[in-house]
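J.: Got a sequence here, can you build the structure:
(one chain, ligands or ions: 1)
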Amino acid sequence: MPYKDMREFVDVLEKKGLLSRIGAEVDPEWEINGVTHTVTSEGGPAVLFENVKGTSTPVLSELFGRSWRRLGLAMDLDTTDQVSIRAEWMKRIEEPIDPVLVDSGPCKENILTGERASMDGLFPMVRWHEGDGGYYPGTLGMLVTADPETGDQNVGCYRMMYRSGTETGLMMQPFQGGAQHLEKWSRLHPGVAMPVAVVFGADPCYVLAGGSKFDQPPSEDAYAGGLRGEAIEVVTCEDSGLKVPANAELVLEGLVMPGEMDKDGPFGEFTGFLDHQSRCNIFRITTITHRDDPIFHGEREGYPSEGGLIYILGMEPVVLAKLQSVEGVLDVHMPLSGVGFELIISMRVTSRGQVRQVIQEVFGDPDVGGYIKHVTVVGEGIDIRNRDDVAWAVATHVQADRDLLIIPRCPQTSLDASQTRRNWGTKLGIDATGPIFDYQEEGQDFPSLCDDPDIKARVKAQWDKYGIT
Ligand SMILES: Cc1cc2nc3c(=O)[nH]c(=O)nc-3n(C[C@H](O)[C@H](O)[C@H](O)COP(=O)(O)O)c2cc1C
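T.: Predicted coordinates:
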């Protein structure tokens, strides 16, 4: 059964012992940062801070943390197995379900307009990382925009820095759906601000869909419906025709003027580094609607973070869908510690050049090539989800002069802190499948492993005989 709203999901997590309520007063200046960092690094539960200094609004954070189980539960799957969650995700997004428009809903229980439409006092002002340039009310705010020609909606998650009670930054990278709508709007309506809305605390599948990339149309609303197996209910905004989830905790409505930009950050990013160098759009709030006793939803970004988990949840299926028709590709994996920059491919190699071709296909792809910078390809016997197995394959199969493919000066997200020139990165492909064809040309066999699976199986079958516990 899909969850009606975020509160129902919170209840389920709590019943399963996967959520902690924190009644003690916490200081949003440093303490929420410290607790969430510790909890997520150590694989802990979701946390609901009920007593946050300076506001009566509780803060829900680390809803998914680094837990595949909590991600699975968002889709009503009780498993920790990433591969089965991915398979179900890929199946469900094949069948999006359009949202249903309703007249009203809980997110309209309170409507603040004019001078009352201010975040001050209502929104907790959290400094999520030491070194952040300000408070970030938006770490999991879902920005809703509409294509100015077709009306098709986009939902995306973009960080938002506090500027005043009625103004935030909005850091949308140019290739994101929201930024593309704004660019189109500026051409069609020069000098006019574009209406937007930002949703906090909707059904968990809406959050997962908003943080992931999809072919569009339809909008993320419909993908969220597909993921939860039932349409989400939406209501019309007060100030525009935009549609937002009826059960959301808080909704900010407002305007973004194309071309109006200012400095954003520093902000602790999912790579683990402070991003010092961004400029962002400005969002001016015109109306706030919210539930009675709203719960604020956010997360610590940094590393490790649930943002990294959501990113990989959405990105791995995109890569797999692109590569699964390529000859020889068996599976792909993006380890969480690779922060989306690293891809491991399992391949059955049958022809010379096949591995290089697939590596170049990844780097050249417009959707994924700007993020992924290291691709390692291993043969089919290697468990791509086991870092030790992959490291063993690289250590024992690779000669650096022969098996590395290095492509300098490629487009790469500026969030990669190792860059010395912004947005330029060097791609690295590692062919760790072994030089089968070189051996063949030399008339030699590829070296045999010294493991003997038959002997191992025979010993296992009579294991009790040895009395080893
Ligand atoms: C927690 C989280 C934070 C994110 N922050 C940003 C951000 O500040 N700026 C940005 O451009 N993308 C950010 N992203 C990535 C986009 O939300 C993501 O790529 C999304 O798929 C955009 O989809 P769209 O192009 O449909 O809007 C973030 C994603 C997550 C999960």
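J.: Of all residues in the chain, which one is nearest the centre?
T.: Y311 (2.3 Å; Cα atoms, centre = their mean).
J.: My guess is that residue contacts L208. True?
T.: No - between Y311 and L208 there is no contact under Cβ atoms under 8 Å: 10.7 Å. C-beta here means a position set from N, CA and C on the backbone, and glycine is covered the same way.
J.: residues near the residue nearest to S278 when sequence neighbours are not counted, how many?
T.: What sits nearest to S278 in space, not counting adjacent residues and going by Cβ to Cβ, 6 or more residues apart in numbering, is D264, at 4.4 Å. Using other Cβ atoms under 10 Å, the number of residues around D264 comes to 25.
J.: can you check S351 too?
T.: For S351, the neighbour count with other Cβ under 10 Å is 11.
J.: Kindly provide the distance from it to P58.
T.: Using Cβ to Cβ, to the nearest Å, S351 is found at 58 Å from P58.
J.: again, but for F64
T.: For F64 relative to P58 (Cβ to Cβ), the value is 18 Å.
J.: who's more crowded, the two?
T.: Neighbour tally, F64 and P58, criterion other Cβ under 10 Å: the higher count belongs to F64, 26 against 20.
J.: Next one: the more buried one from the ligand, what distance?
T.: Applying Cβ to the nearest ligand atom, to the nearest Å, the value for F64 to the ligand is 10 Å.
J.: Could you do A417 as well?
T.: Distance from A417 to the ligand, by Cβ to the nearest ligand atom: 15 Å.
J.: I'd guessed that residue sits against F270; true?
T.: No - contact criterion Cβ under 8 Å: A417 and F270 do not qualify, at 11.1 Å.
J.: neighbour-wise, which of the two wins?
T.: F270 (20 against 13).
J.: Quickly find the element holding the more buried one.
T.: Under DSSP states H and E, no helix or strand contains F270.
J.: Quick check, it in contact with Y311.
T.: Yes - F270 lies in contact with Y311 (Cβ under 8 Å); the separation is 6.8 Å.
J.: Find residues that contact each of these two.
T.: Contact criterion Cβ atoms under 8 Å, 6 or more residues apart in numbering; residues shared by F270 and Y311: G340.
J.: V378 reaches A395, doesn't it?
T.: No - with contact defined as Cβ under 8 Å, V378 does not count as touching A395 (11.6 Å).
J.: Looking at those two, which is more packed in?
T.: Per other Cβ under 10 Å, whichever of V378 and A395 has more neighbours is V378, with 26 against 9.
J.: those strands in the stretch 301-450 of the chain, which residues are they?
T.: For the stretch 301-450 of the chain, applying DSSP state E, counting those that start in this stretch gives strands covering 329-333, 342-347, 374-379, 404-411, 424-432.
J.: For the residue lying closest to P96 once chain neighbours are set aside, which three-state class applies?
T.: With sequence-adjacent residues excluded and distances taken as Cβ to Cβ, 6+ apart, P96 is closest to A222, at 3.7 Å. The local conformation at A222, judged by DSSP: H, G, I helix; E, B strand; the rest coil, is helix.
J.: What of the one 5 residues further on?
T.: Secondary structure state of L227, per three-state DSSP, is helix.
J.: Contact partners for it?
T.: M75, W89, R92, I93, C205, L208, A209.
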